[in-house]
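Peer 1: Just to be clear, the model below is a prediction. Sequence and coordinates:
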Amino acid sequence: MLSVRAVRGLRDFVLDVTLSVRCGETLVLIGENGAGKSTVLNLISGILTPDEGEITLGERTLFSDGSGIDVPAESRNVGHLFQSYALFPHMTVSENVAFGLQCRKVPRPEAALSVAKQLAAMHLADLANVNVGRLSGGQRQRVALARALVLEPELLLLDEPLAAVDMRAQGAMRRELRDRIRNAGIPCIVVTHNLRDALELADRLCLVEEGRVVADGTPEEVLGMRENGFIASFAGR
């Protein structure tokens, strides 16, 4: 279970969000560009620090201004997939996936076995020794997801996970992503501007406006709020 209460002053407004995600549940954040969705992910993963609040994951407190707790990003065991995928272009597929394990000083034989299993699960075994710069958008997406999942994270954060994937491949990739998320059995938060992503990935939808959650419910409930200008536009695409 992830529980978040986070406040942070931004340039145009104060972000103030409260949300929770159960194990095995996928929460999708939607809203206008600049509403604070990616900032929420960065606060949870530890890239940014809240001005105040508390973030807990299972039995662990990741951040608490009242208790003076701020666990470093590398110690939170959170898988964070960025919109750009943030892969190392000079490395091969297997080297990218193994990078986090090396940072954790996992013994090389154990790391190699974990990487091999993850590449097989993501249908990347044949590309293990290929430089990531030669891959398609869909293949890079799978490498980035494999790199996040090989660490066996307790939480998965995905920022526009299919934005770089060719439109023709998005349907298959979306189904594959949904299956991988559910098989992981951990809380997951997805940021997207894509209606199909929201409909096919979300157990719950949150609408974020100027740093605040203004709607939280099932996709049907939130997308039914046609009186909201963003929802009317988003659901009408």
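Peer 2: Nice, I can see it.
Peer 1: any idea which helix or strand carries the residue lying closest to residue 20 once chain neighbours are set aside?
Peer 2: In space, and not counting its chain neighbours, residue 20 is closest to residue 3: 4.8 Å by C-beta to C-beta, 6 or more residues apart in numbering. (C-beta placed from N, C-alpha, C; glycine too.) Using DSSP states H and E, residue 3 maps to strand 2-9.
Peer 1: What are the contacting residues of that strand?
Peer 2: Strand 2-9 has contacts (C-beta atoms under 8 Å, 6 or more residues apart in numbering) with 14-21, 39-40, 43-44, 48-57, 63, 155, 187, 189.
Peer 1: Among those residues, name the buried ones.
Peer 2: Among the contacts of strand 2-9, those classed as buried by 16 or more other C-beta atoms under 10 Å are 15-17, 19, 21, 39-40, 43-44, 48, 50, 53-57, 63, 155, 187, 189.
Peer 1: how about the nearest residue to residue 64 once chain neighbours are set aside, secondary structure?
Peer 2: Distances taken as C-beta to C-beta, 6+ apart place residue 54 nearest to residue 64, at 4.6 Å, with adjacent residues excluded. The three-state assignment at residue 54 reads strand, by DSSP: H, G, I helix; E, B strand; the rest coil.
Peer 1: Residue 54 against residue 60, yeah?
Peer 2: No - using C-beta atoms under 8 Å, residue 54 makes no contact with residue 60, being 11.6 Å away.
Peer 1: circling back: any idea how far the strand holding residue 3 is from the chain center?
Peer 2: 16 Å (C-alpha atoms, centre = their mean, to the nearest Å).
Peer 1: Parallel or antiparallel, list what pairs with it.
Peer 2: Strand 2-9 sits in its sheet next to strand 14-21 (antiparallel), strand 52-57 (antiparallel), going by DSSP bridges.
Peer 1: Spit out the contact partners of residue 189.
Peer 2: Here residue 189 is in contact with 2, 21, 26-29, 40-41, 44, 155-158 (criterion: C-beta under 8 Å, 6+ apart).
Peer 1: do that again at 6 Å, thanks
Peer 2: Listed by C-beta atoms under 6 Å, 6 or more residues apart in numbering, the contact partners of residue 189 are 27, 157.
Peer 1: Surely it forms part of a strand?
Peer 2: Yes - with three-state DSSP as the criterion, residue 189 is part of a strand.
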